[in-house]
Every structure is written in structure tokens, then in C-alpha cells.
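Q: What would the 3D arrangement of this be:
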Amino acid sequence: MLLKNIQEWTLLLIIFGFTSLFANWAGYDIMPWTALPGMAVLVLICLAGFILHDIIPINFPSVAYIAIIGVIVSMPWMPGADYVVAWTNQVELLALTTPILAYAGIAIGRSWADFRRLGWRTLIVASLVLLGSFLGSALIAEIVLRWQGII
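A: Prediction:
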């Protein structure tokens, strides 16, 4: 069962990786072959976190394992940390989030029955969260841009 999961995770992470490389190129003009080593490191870190989550019998989220592994491999005292940091600096964060959020949207869209069971209140809460995030971001941007004298 673990081998089947590893194969599925690897396939999904590779798809996300190539999509993110394209988004990195389209949005930030960083050529895919320049960002490929950093993306490979990120995919391997994610895969290691998923495997640890599956192997270790403690109820600990896989994202925590991934974060811990990422922090450890980028610590200055780790061998090769300079390469890891230099490679992953070529991958922009927003280029990573785009395909992941698209996948989440597709996953939610495929299960409208589950979404409908959550009720109309969920739609109101989600709308208010999005509105609050937008207004909060706009307010912070306004303050920072005025402080810097740009507007």
C-alpha cells in the first residue's frame, strides 16, 4: 500500500512541479531549467514528508513533516544547504500556489454533493473570509505604499 501511495504522490508532485515551473516562467521570467533544481528539491522534500507521515504512527500532519524537513535541509550547518537555498530561491512562492489552488478548486468542484451538504452558511462564511482577506490586503498595501511615498 505504501508503494502505491508513493507512486501517486510522486506523479502528483511531478505534475505540480512542471505546472509550477511554467507559472514561474510565465509570471516571473525565470526559465524552467534554471528553477528545475529548486523544484526537484521541493518535490523531494514533500515526498519525504508524505512518507514520514505514513510511516510514523503519530497523529502529526504531513505539512508539519514537510516544514520540518525543509527547515533542516536549509540550515546553514547542513551539508549542501547553500545549494538548497540557492536552488529554491529560483522558485517563486506564488508560482507554487497557483497549481495547488487550481487542484483544490477542481477537487471541490468534483464533489458538489459534499459541498452542498455543508449548507448555505458555508457559502456566506467563505464569502466573508474572501472579502476580509481582500480588504485587509488592500488596506495593508495602501498603508505601505503611502508610507513609502509611492502614492
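
Q: Only C-alpha atoms from now on, for both contacts and neighbour counts.
A: OK.

Q: how about the helices in the protein?
A: Remark: helices assigned in the chain by DSSP state H are 2-28, 32-55, 62-73, 81-88, 93-110, 112-118, 120-147.

Q: Show me what the third one is in contact with.
A: Applying CA atoms under 8 Å, 6 or more residues apart in numbering, the contact partners of helix 62-73 are 45-46, 48-50, 52-53, 78, 80-81, 84.

Q: Would you enumerate the residues in contact with residue 36?
A: residue 21.

Q: and it, how far is that from residue 93?
A: As judged by CA to CA, to the nearest Å, residue 36 and residue 93 stand 14 Å apart.

Q: try residue 151
A: As for residue 151, its distance to residue 93 is 26 Å (criterion: CA to CA).

Q: And residue 47, by the same measure?
A: Counting by CA to CA, the gap from residue 47 to residue 93 is 18 Å.

Q: Kindly report the same for residue 78.
A: For residue 78, the distance to residue 93 (CA to CA) stands at 23 Å.

Q: Following the record's annotation, map out the domains of the chain.
A: Taking automatic domain parsing as the domain assignment, the record places the domains of the chain at 2-116, 119-151.

Q: Out of those, which is the most enclosed?
A: Comparing these on average neighbours per residue, with mean count of other CA atoms under 10 Å, the densest one is domain 2-116 at a mean of 15.

Q: For it, give the mean pLDDT please.
A: Confidence for domain 2-116, expressed as mean pLDDT, is 90.
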